[in-house]
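Enquirer: pasting the sequence and the predicted model now:
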Amino acid sequence: MTGAEHAFRLLNVSSADDLQAHARIRDAALRLFGVHGIKATTVRQIAEAAGVSPALVIHHFRSKEGLRNACDEWMMARLTEKKTDAVAGGDTTAALLQSQSEFQPFHAYIAASISEGGEGAARLFDAMCQLTLDMFDAGPELFRTPADLEATVALVVAFSLGATVLEEQVARRLGGTHLLDPAVLPRYSLASMELFTHGLFADDTFLRRIRAAFESGRVPADGVTDPDPPPSDH
C-alpha cells in the first residue's frame with residue numbers, strides 16, 4: 001500500500017468515525033433535551049450519553065444552541081421526507097404509521113422546545129408551518145384551498161403541537177400512556193383524520209355568523225365582545 005493510499009484509508013476511517021460521533025451526539029442531545037428540557041441539559045451530560053468528550057461536542061456543533069439547531073434540522077428533514085412522500089403517493093399510509101415508532105423521541109423533544117418558548121420555539125413552529133405548506137404542495141388534490149392558507153396552517157400546527165405538549169393527558173383520556181401506544185394511536189389517528197376530513201359542525205351556521213359579525217363591525221378592534229361588561233367599582 002502506498003503512502004497516499006494509506007493516508008486516503010485513514011481519512012475515510014476518520015470521516016466515518018466523525019460522522020458516527022456526530023450522529024451519536026445529535027441523537028443523545030435530542031433524547032436528553034426531551035427528558036430534561038433544553039435549558040436544563042448540559043453539554044457534559046450529552047457528551048457522557050454519547051460516549052464522547054465535551055470538547056468533541058463543541059468541535060462538531062460549536063455550542064449547545066448549535067446542537068439544538070442541528071437537532072431541529074435533522075428532525076424536520078426526516079418528518080418532511082416521510083410526510084410529503086405520504087401525501088404525494090410515494091409512500092403508503094401504512095408505512096407512514098409504521099414509521100411513527102422512529103419518531104417517538106421527537107415528541108418529547110418538540111414538547112420541551114415549544115414549552116420553553118423563546119427563539120428556538122419560534123424557529124421550530126415556523127419549520128412545522130413550512131412542513132405543512134410543503135404537504136399542501138406535495139398533494140394538492142388531497143386538500144381543499146382554505147380562504148386564508150397561512151392562518152389555516154398556523155392553526156393546524158398549533159393543534160398538532162398542542163396534542164404533543166399534552167401527550168400524557170391526551171393518551172390518558174384515550175386509554176394509554178403515549179400517543180404511539182397501541183391503545184391510543186388508532187383512536188388518535190382516526191379521530192384527527194375524521195375531524196380534518198369532515199369538520200365538526202353540521203353546517204356553516206357558525207361560520208356565517210362569525211363572518212357577518214366581523215363584516216358588520218360589531219366586533220371591537222380590541223377583541224372585547226362582551227356587550228354587558230361588569231360594572232366598575234367607581
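Expert: That came through, no problem.

Enquirer: let me see the mean pLDDT of stretch 43-55.
Expert: Averaged over stretch 43-55, pLDDT sits at 96.

Enquirer: please identify the helix or strand for the closest residue to Ala108 other than its chain neighbours.
Expert: Nearest-residue entry for Ala108: Gly34, 2.9 Å, with adjacent residues in sequence omitted and distances by C-beta to C-beta, 6 or more residues apart in numbering. C-beta coordinates here come from the backbone N, C-alpha and C atoms, glycine included. Using DSSP states H and E, Gly34 sits in helix 3-36.

Enquirer: C-terminal to that helix, which secondary structure element comes first?
Expert: Next along the chain after helix 3-36, taking DSSP H and E as the criterion, comes helix 43-50.

Enquirer: just after that following helix, pick out the following helix or strand.
Expert: Following helix 43-50 in sequence order, the next helix or strand is helix 54-61 (DSSP H and E).

Enquirer: point out the other helices and strands that that next one packs with.
Expert: helix 3-36, helix 43-50, helix 64-88 (3 or more C-beta pairs under 8 Å, 6 or more residues apart in numbering; DSSP states H and E).

Enquirer: out of those, nearest to Gln130?
Expert: helix 64-88 (8.2 Å; C-beta to C-beta).

Enquirer: what mean pLDDT does the closest one have?
Expert: Helix 64-88 comes out at a mean pLDDT of 91.

Enquirer: how far off helix 54-61 does it point, in degrees?
Expert: Between helix 64-88 and helix 54-61, the angle comes out at 50 degrees (axes from the mean of the first three to the mean of the last three C-alpha atoms, to 10 degrees).

Enquirer: which residues sit against helix 64-88?
Expert: 25-26, 29-30, 33, 38, 41-43, 46, 57, 60-61, 91-93, 95-96, 99, 102-103, 106, 109-110, 113, 120, 123-124, 127-128, 131, 134-135, 138-139, 142 (C-beta atoms under 8 Å, 6 or more residues apart in numbering).

Enquirer: just the buried residues of it, please?
Expert: For helix 64-88, the neighbour count (16 or more other C-beta atoms under 10 Å) marks 64, 67-68, 70-72, 75-76, 79-80, 82-87 as buried.
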